[in-house]
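K.L.:
this one's sequence-less:
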């Protein structure tokens with residue numbers, strides 16, 4: 001076919017200033033001893049012409065169709081008609097006939113998202129995309145970065161100068177750190193004499209129903225977020241004198257010894273909170289997990305925000321052909337951290353495996369099974385697991401609230417902290433909001449573990465003790 005145009009620009013009239021500059025730039029480019037040719041309606045449609053027929057003819061006679069996506073064009077009738085016609089002629093994208101160019105401010109339709117999108121929402125992104133567009137129109141290879149001379153010629157340039165091969169794009173990276181929104185401003189302390197953590201736990205078991213207040217002990221003093229001057233406070237009977245001190249939280253964050261004590265108290269509050277959610281704490285492997293329900297598998301209904309889903313958090317499997325079984329538990333490793341003077345709750349999703357739904361199998365088998373379960377999980381999967389555990393810890397609410405004392409709690413955001421970066425892989429961005437709304441992947445129901453052999457030497461006879469919140473640190 002003989003083409004009249006190199007590219008057809010499908011757009012909305014509100015975007016004409018931007019589109020016209022693009023058209024002018026393209027038509028100033030040389031190709032095969034001629035200038036590139038653009039179909040742009042203001043230049044190519046004669047007053048009085050049948051516009052629909054002209055558009056149909058121009059599309060047939062254009063090598064490529066660029067679909068300019070913006071807040072103006074996404075719901076406008078004419079641009080929608082034009083790019084729908086273009087997609088109809090190349091539904092799978094096999095021909096590479098349709099080129100989406102995204103200006104921002106709108107969702108990219110699925111039929112266009114399957115194609116390689118040129119992002120033009122920033123000056124840097126536009127320059128990168130324009131270079132790639134010209135390479136396509138001129139039938140050239142896409143640019144692969146600027147090569148630099150090096151005395152280390154034996155090494156690949158991308159190894160020596162990796163940043164030269166990164167695309168300059170704006171992107172957000174999500175972490176597995178949940179920011180703290182609110183925490184009490186003061187910590188109280190009082191003398192307790194020569195008692196142990198076990199003595200305090202026994203006292204709390206007798207006096208408190210439900211979640212225990214968190215505390216720590218050092219140098220015969222007990223520290224708590226509870227006002228120890230309150231005559232009704234649960235630690236009152238343990239105090240040996242009235243020399244009670246009240247200190248602000250800030251010095252605890254900035255002082256190394258106090259910082260460790262603060263984190264100890266918060267992590268104990270976390271264990272208490274998970275215990276109240278009917279989760280077990282495996283001290284040896286430092287993870288929380290649910291037990292089977294009624295001797296069988298356990299499922300949890302949860303909500304991602306826009307959809308409801310069901311996740312199988314405990315499932316029984318047969319190992320080999322001898323009738324032996326093991327249980328797979330989706331597990332949570334979580335702890336509070338202090339980073340650059342700020343407190344975060346770190347969420348690390350994972351797995352643990354038990355012989356009877358409660359006691360851990362050998363470390364060798366745990367390592368092998370964990371590798372098989374997680375080897376093909378990508379960042380989006382991990383972030384989705386973070387979302388699930390945030391839902392569990394928040395009890396389905398908008399924030400996580402953990403009790404620190406009778407009238408004191410810490411409030412945690414369920415949305416992970418994010419970081420903005422200016423380099424990445426063009427066309428490989430996924431918004432954080434979209435990551436949290438992807439379809440739920442259930443526990444691998446058809447997974448077989450026939451190739452894991454029993455090793456009696458590795459089996460630990462009840463040495464992997466599972467403990468509740470009453471644990472001496």
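P.N.:
That came in fine, so what should we check first? Predicted, not measured: the structure shown is a model, and the values here were computed from it.
K.L.:
for stretch 390-405, the distance to its chain's centre please.
P.N.:
18 Å (C-alpha atoms, centre = their mean, to the nearest Å).
K.L.:
what comes into contact with the longest helix along the chain?
P.N.:
Longest helix in the chain by number of residues (criterion: DSSP state H): helix 256-276. Outside helix 256-276, the residues within contact range by C-beta atoms under 8 Å, 6 or more residues apart in numbering are 187, 210-212, 214-216, 218, 223-225, 249, 251-253, 281, 288, 332, 334-338, 343, 345, 393, 402-404, 410, 468-469, 471, 473. To be clear about C-beta, it is placed using only N, CA and C from the backbone, and glycine gets the same treatment.
K.L.:
so how far is it off the chain centroid?
P.N.:
The answer for helix 256-276 is 24 Å, by C-alpha atoms, centre = their mean.
K.L.:
re the thing from before, could I have the buried ones of the contacts of helix 256-276 as PyMOL selection syntax?
P.N.:
Selection of buried members from the contacts of helix 256-276 for PyMOL, criterion 16 or more other C-beta atoms under 10 Å:
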select buried, resi 187+211+212+214+215+216+223+224+225+252+253+281+288+332+334+336+338+343+345+393+402+403+404+410+469
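K.L.:
so where's the protein uncertain?
P.N.:
Residues of the chain meeting the criterion pLDDT under 70: 1, 79, 88-95, 142-171, 304-306, 320, 368, 370-380, 422-473.
K.L.:
distance from the chain centre to the top strand by length along it, please.
P.N.:
The longest strand of the chain (DSSP state E) is strand 325-339. Distance of strand 325-339 from its chain centroid, counting by C-alpha atoms, centre = their mean, is 16 Å.
K.L.:
can you check stretch 174-188 too?
P.N.:
Worked out by C-alpha atoms, centre = their mean, stretch 174-188 lies 19 Å from the chain centre.
K.L.:
ends of it, what's the gap?
P.N.:
End-to-end span of stretch 174-188 (C-alpha to C-alpha, to the nearest Å): 36 Å.
K.L.:
can you point out the buried residues in that stretch?
P.N.:
For stretch 174-188, the neighbour count (16+ other C-beta under 10 Å) marks 174, 176-180, 183-184, 187-188 as buried.
K.L.:
same question, stretch 104-115
P.N.:
Buried-residue list, stretch 104-115, by 16+ other C-beta under 10 Å: 108-109, 111-112, 115.
K.L.:
which other residues reach it?
P.N.:
So stretch 104-115 is contacted by 67, 69-71, 73-74, 83, 87, 91-93, 96, 98-100, 102, 117, 121 (C-beta under 8 Å, 6+ apart).
K.L.:
go on, stretch 134-142?
P.N.:
For stretch 134-142, contacts defined as C-beta under 8 Å, 6+ apart pick out 6-7, 26, 29, 31, 36, 63-64, 96, 99, 132, 143.
K.L.:
ok, now which ones touch the residue lying closest to residue 70 once chain neighbours are set aside?
P.N.:
Counting by C-beta to C-beta, 6 or more residues apart in numbering, residue 70 lies nearest to residue 103, which is 4.1 Å off, once chain neighbours are set aside. By C-beta under 8 Å, 6+ apart, residue 103 lies in contact with 15, 18, 68-70, 120-121.
K.L.:
of these - the most surrounded one?
P.N.:
residue 69 (29 neighbours; other C-beta atoms under 10 Å).
K.L.:
give the contact list for the nearest residue to it once chain neighbours are set aside.
P.N.:
Spatial nearest neighbour of residue 69, excluding adjacent residues (C-beta to C-beta, 6+ apart): residue 102 at 4.8 Å. Applying C-beta under 8 Å, 6+ apart to residue 102 gives the contacts 69-70, 108, 117-121.
K.L.:
ok, what's across the strand from residue 102?
P.N.:
Beta bridges link residue 102 to residue 69, residue 119 when assigned by DSSP bridges.
K.L.:
quick one: it and residue 389, what's the gap?
P.N.:
33 Å (C-beta to C-beta, to the nearest Å).
K.L.:
now the angle from the longest helix of the chain to strand 325-339?
P.N.:
Counting by axes from the mean of the first three to the mean of the last three C-alpha atoms, to 10 degrees, helix 256-276 lies at 140 degrees to strand 325-339.
K.L.:
which stretches of the stretch 201-350 of the chain form strands?
P.N.:
Along the stretch 201-350 of the chain, counting by DSSP state E, counting those that start in this stretch, strands occupy 215-218, 221-224, 245-248, 279-282, 287-290, 298-303, 308-318, 325-339, 342-354.
K.L.:
quickly compare the ones you listed and say which is most buried.
P.N.:
Mean neighbour count (mean count of other C-beta atoms under 10 Å) peaks for strand 287-290 among the strands of the stretch 201-350 of the chain, with a mean of 23.
K.L.:
not counting its own residues, what contacts it?
P.N.:
274, 278-282, 298, 300, 313-314, 329-334, 350, 352.
K.L.:
7 Å instead, please
P.N.:
The contact list for strand 287-290, computed with C-beta atoms under 7 Å, 6 or more residues apart in numbering, reads 274, 278-282, 298, 313-314, 329, 331-334, 350, 352.
K.L.:
ok, so of the residues you listed, who is nearest residue 205?
P.N.:
Nearest to residue 205, judged by C-beta to C-beta, of these is residue 281 at 16.1 Å.
K.L.:
how much space is there between that closest one and residue 287?
P.N.:
Using C-beta to C-beta, residue 281 is found at 8 Å from residue 287.
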